[in-house]
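Enquirer: Pasting the sequence and the predicted model now:
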Amino acid sequence: MIESPRNARVKEVRKLSQKSERQETGLFVIEGPQAVREALVSRPELIEELFVTPTALERHSELRGLAEEAQLEVDFASEEAIDAMADTRAPQGVIAVCRQFPASIRDALSGSPKLVAILEEVRDPGNLGTIIRAADAAGADAVILTGRTVDLYNSKVVRSSTGSIFHLPIAVEVTLDVATSRARDAGLRVVAADIDGSDLLSARESGELAQPTAWLFGNEARGLDAEQLAYADATMSVPIYGQAESMNLATAASVCLYESAFAQRA
């Protein structure tokens, strides 16, 4: 049992909240039973350490069985130690240290992808995690992050994805020109989400979203500038019928991805 929040192992895990430490070690932290369960089910070979409180393991007994299947030792820790490792106030007594596993853009776009999300300069980690979760739910084949997008292994990104980062290939540190060029090479049409684009409803009626599509999403505050939009084959907007000034990026991305998913499965 690791009792003290000043324990050396606790301090090493806590350091992983810093991007520089994650880059140096190639590790990141997963917090909470749901995300850890998804890692144990989908990519157990990536987990380096698993820390739980006795109470949490009793409450989430399936974690013990999954850890045993993965031949992974479970380390007990006190609530205080777990809280000191975590970047959130409520890790629910479960923390795992995992190896990073970015996909190459070649692997991300292998096969015959039909739906991909390209993210350029998305800076809010909560938005990024939510878009990855939405892409996973919509059946997307891959997500591609440009080098100006927030770190995939930021703890808030990982939490917001609720385990979806383990379900589909995610390429990182790709330039926008390479991302869009490779997407076209894979047979995808690049469509940018932009407030001045054509109405998404018109695209639904014309059937163009049934084509293999790579959606391009930009910065939360500025969207995509003219230079970035030039990399797209078309631009589309989510219409606002009420009085809202704008729509949250993750919400708009979810709508766009699902519009394509619906059209491709119709």
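Expert: Great, that's in hand. Numbering: from 1, shown residues only.
Enquirer: which secondary structure elements does the longest strand along the chain contact?
Expert: Identified as the longest strand of the chain according to DSSP state E is strand 189-199. Under the contact criterion of 3 or more CB pairs under 8 Å, 6 or more residues apart in numbering; DSSP states H and E, strand 189-199 touches helix 176-185, strand 213-217, helix 226-229, strand 234-237, helix 249-265. In this view, the C-beta of every residue, glycine as well, is placed from N, C-alpha and C.
Enquirer: One more pass at 6 Å, please.
Expert: strand 213-217, strand 234-237 (3 or more CB pairs under 6 Å, 6 or more residues apart in numbering; DSSP states H and E).
Enquirer: by how many degrees do that strand and strand 213-217 diverge?
Expert: 60 degrees (axes from the mean of the first three to the mean of the last three CA atoms, to 10 degrees).
Enquirer: ok now strand 189-199, how far from the chain's centre?
Expert: 22 Å (CA atoms, centre = their mean, to the nearest Å).
Enquirer: from the helices and strands packed on strand 189-199, which stretch is densest packed?
Expert: Across the helices and strands packed on strand 189-199, averaging neighbours per residue (mean count of other CB atoms under 10 Å) puts strand 213-217 on top, at a mean of 29.
Enquirer: circling back: format the helices and strands packed on strand 189-199 as TSV; extra columns: distance to Ser161 and mean pLDDT.
Expert: Supplementary listing: the helices and strands packed on strand 189-199 in TSV, determined by distance: least, CB to CB, whole Å; pLDDT from 0 to 100:
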stretch	distance to Ser161	mean pLDDT
strand 213-217	15	98
strand 234-237	25	96
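Enquirer: could the ones you listed go into CSV alongside distance to Gly26?
Expert: Shown next, in CSV, are the helices and strands packed on strand 189-199 (distance: least, CB to CB, whole Å):
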stretch, distance to Gly26
strand 213-217, 27
strand 234-237, 37
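Enquirer: what about the ones you listed, which gets the closest to Ile165?
Expert: strand 213-217 (16.9 Å; CB to CB).
Enquirer: Could you tell me which strands sit next to the longest strand of the chain in the sheet, and their orientation?
Expert: Taking DSSP bridges as the criterion, strand 189-199 pairs within the sheet with strand 213-217 (parallel), strand 234-237 (parallel).
Enquirer: give the contact list for Ala232.
Expert: 190, 192, 216 (CB atoms under 6 Å, 6 or more residues apart in numbering).
Enquirer: Run the angle between the longest strand of the chain and helix 249-265 for me.
Expert: Using the same axes, to 10 degrees: strand 189-199 against helix 249-265 is 110 degrees.
Enquirer: And the contacts of Ala232, which is closest to Glu45?
Expert: Among those, and counting by CB to CB, the member closest to Glu45 is Leu216, at 32.6 Å.
Enquirer: Tell me the bridge partners for the closest one.
Expert: Ile118, Ala192.
Enquirer: just Ile2 next, same as before
Expert: Beta bridges link Ile2 to Ala77, judged by DSSP bridges.
Enquirer: Identify the residue nearest Asn219 in space, chain neighbours excluded?
Expert: Leaving aside its sequence neighbours, Asn219 sits nearest to Glu121 (CB to CB, 6 or more residues apart in numbering; 4.3 Å).
Enquirer: Against Gly147, how distant is the one you found?
Expert: Going from Glu121 to Gly147 by CB to CB, to the nearest Å gives 9 Å.
Enquirer: Equivalent analysis for Ala81, please.
Expert: For Ala81, the distance to Gly147 - CB to CB - is 35 Å.
Enquirer: which of those two has more neighbours?
Expert: Ala81 (24 against 12; other CB atoms under 10 Å).
Enquirer: who are the neighbours in contact with the more buried one?
Expert: Ala81 makes contacts with 2, 5, 10, as judged by CB under 6 Å, 6+ apart.
Enquirer: Now do the strands in this structure.
Expert: So, for the chain - with DSSP E - the strands run 27-31, 47-52, 74-76, 94-99, 115-119, 142-146, 170-174, 189-199, 213-217, 234-237.
Enquirer: Next, the angle strand 27-31 makes with the second one.
Expert: Relative orientation of strand 47-52 versus strand 27-31 (the same axes, to 10 degrees): 30 degrees.
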